[in-house]
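Show me the folded form of this:
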Amino acid sequence: MGTVTFTGSVSAEVAAGETVTLTVTPQPSGTPITLTAATQADGTFTATTTLPAGSYTVVASIPADADYQAATSQPATFTVALTARTITVTGTQTA
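This next block holds a predicted model:
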């Protein structure tokens, strides 16, 4: 499992608190995971989740409003690496 943080921005004026939907899809095929993020006054957004190791694509979208059309990002690909672990062993002589 790994913690993944998604960040992005909306290019047109956007009010703080508008909802951006992030669709994260395991590759090569899998059930999409939907996340939401609220925009800040400057149009940026951030969302964090925990995902198992593997390859994914993510797409962000924002719905239309009275002034702007809906927008969808290009897919971005990323990989969540396996978490490292260690093992130690000691030996003790017995009689």
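
ranges for the strands of the chain?
2-9, 19-26, 33-38, 44-51, 54-62, 71-72, 76-80 (DSSP state E).

where does the longest one sit relative to the chain's centre, distance-wise?
On the basis of Cα atoms, centre = their mean, to the nearest Å, the separation between the geometric centre of strand 54-62 and that of its chain is 7 Å.

Pull out the buried residues from it.
Applying a neighbour-count criterion of 16 or more other Cβ atoms under 10 Å, one finds Tyr56, Val58, Ala60, Ile62 buried in strand 54-62. Heads up, the C-betas are built off the backbone N, CA and C, glycines and all.

Pretty sure the third one sits against Ser11.
No: between Ala60 and Ser11 there is no contact under Cβ atoms under 8 Å: 11.9 Å.

just the CA coordinates of stretch 67-78, formatted as CSV?
Extracted as CSV, the C-alpha positions of stretch 67-78 are listed here (Å, rounded to 0.1, in the frame of the first residue of the first chain):
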residue,chain,number,x,y,z
ASP,A,67,-19.9,30.5,-17.5
TYR,A,68,-17.6,27.5,-18.5
GLN,A,69,-17.9,24.2,-20.3
ALA,A,70,-17.0,21.0,-18.5
ALA,A,71,-13.4,20.0,-18.6
THR,A,72,-11.5,16.7,-18.5
SER,A,73,-7.8,16.3,-18.2
GLN,A,74,-5.6,14.0,-20.2
PRO,A,75,-4.9,10.7,-18.4
ALA,A,76,-1.8,10.7,-16.3
THR,A,77,-0.1,7.3,-15.5
PHE,A,78,1.7,6.5,-12.3
